[in-house]
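Peer 1: Please find the sequence and the predicted model below.
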Amino acid sequence: MRTPIIAGNWKMNKTISEAVSFASELKDRVAGVKNVDIVICPPFTALAKIADALSGSNIKVGAQNVCWEEKGAFTGEVSVAMLLEAGCTYVILGHSERRAMFGDTNETVNKKLKAALRNGLLPIVCVGETLEQREKGVTQDVIKGHVQGSLAGLSEEEMKKVIIAYEPVWAIGTGKTATRQQAQEVHLYIRNLLSGMCGKEVSDGVCILYGGSVKPENIKDLMAEQDIDGGLVGGASLKPDSFEKLVKFNER
Ligand code: PEP
């Protein structure tokens with residue numbers, strides 16, 4: 001009932017020409033894939049060209065951030081309308097790197113989320129605890145704060161369009177993956193939180209992705225868990241070969 005999503009977060013990697021050649025190769029490699037929503041999120045500069053290169057394919061494009069304002073004196077920012085015109089369908093919000101280094105908070109993520117939803121851009125909202133928080137035993141408190149703060153004030157209709165990515169910070173780019181049991185436990189906790197916010201029916205339909213050193217070798221196991229509906233993938237999304245394997249997780 002929930003279509004799996006495999007989304008690649010390229011972070012600050014690939015120039016426009018590198019991105020376009022990746023896209024042309026990936027397009028052919030995954031042309032036959034059905035029942036998986038495939039998304040790549042390149043840097044802003046490559047969005048329009050990559051969206052052109054992928055037009056008519058089964059791969060959608062997402063941005064890695066957006067501004068909540070519509071237009072005006074906001075140097076360095078990019079609006080929802082700009083992303084839509086560049087060909088974006090999705091936007092990643094509140095990634096832990098943005099929370100840790102660029103000042104994103106639950107409040108700003110919430111404003112960005114509402115701006116995206118107002119205009120039909122599908123948000124992938126990232127939540128997750130640090131190693132210190134996990135070791136202190138406050139994982140659930142942190143996740144609760146991220147989910148309830150970032151998603152505050154949404155209607156049921158809006159909540160249906162939200163995608164959540166659980167990304168334990170200690171697993172991002174470290175090669176350390178959460179075990180499928182650790183991930184499932186938090187995913188179920190998130191789904192129960194959502195159920196408290198908007199009811200079981202809506203929460204049952206929300207896609208919850210796992211992110212943190214997802215690779216072709218571990219995706220199948222993770223995807224076998226009841227509440228893991230896909231992956232948000234950094235490092236392993238940068239090579240067409242490994243991204244293809246991730247997208248085809250259920251064919252192996
Ligand atoms: C990410 O950037 O969201 C991520 C999960 O990175 P990696 O897959 O490299 O851990």
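Peer 2: Cool, the structure landed. Computed from a prediction, not measured in an experiment: that's the story for all the values here.

Peer 1: Pick out the residue in this structure sitting closest to the ligand.
Peer 2: Nearest to the ligand, among the residues of the chain, is residue 234, at 2.3 Å (Cβ to the nearest ligand atom). Just so you know, the C-beta spots here come from the backbone N, C-alpha and C atoms, and that holds for glycine as well.

Peer 1: Quick check: closest non-adjacent residue to that residue.
Peer 2: Of all residues not flanking residue 234 in the chain, residue 9 sits nearest, at 5.2 Å (Cβ to Cβ, 6 or more residues apart in numbering).

Peer 1: The residue of the chain closest to the ligand contacts residue 175, doesn't it?
Peer 2: No: because the distance of 11.2 Å does not satisfy Cβ atoms under 8 Å, residue 234 is recorded as not touching residue 175.

Peer 1: Show the secondary-structure elements that the helix or strand encompassing residue 192 is packed against.
Peer 2: Assigned by DSSP states H and E, residue 192 falls within helix 180-198. Applying 3 or more Cβ pairs under 8 Å, 6 or more residues apart in numbering; DSSP states H and E, we find helix 180-198 packed against helix 139-150, helix 156-159, strand 163-166, helix 200-205, strand 207-211, helix 219-223.

Peer 1: run the last query once more with 7 Å
Peer 2: helix 139-150, strand 163-166, helix 200-205, strand 207-211, helix 219-223 (3 or more Cβ pairs under 7 Å, 6 or more residues apart in numbering; DSSP states H and E).

Peer 1: With respect to residue 91, which of the ones you listed lies nearest?
Peer 2: Nearest to residue 91 among those is strand 163-166 (10.2 Å), distances taken as Cβ to Cβ.

Peer 1: Output the contacting helices and strands for that closest one.
Peer 2: strand 122-127, helix 180-198, strand 207-211.

Peer 1: what sits against the spatially most central residue of the chain?
Peer 2: Nearest to the geometric centre of the chain sits residue 124, at 4.1 Å (Cα atoms, centre = their mean). Residues in contact with residue 124, defined by Cβ atoms under 7 Å, 6 or more residues apart in numbering, are 7, 62, 90, 92-93, 163, 165, 209, 232.

Peer 1: The helix holding residue 192 and the ligand, any residue contact?
Peer 2: No: using Cβ under 6 Å from any ligand atom, helix 180-198 stays clear of the ligand, coming no nearer than 11.9 Å.

Peer 1: quick one, that helix and strand 207-211 angle?
Peer 2: In terms of direction (axes from the mean of the first three to the mean of the last three Cα atoms, to 10 degrees), helix 180-198 departs from strand 207-211 by 140 degrees.

Peer 1: Thank you kindly, that will do.
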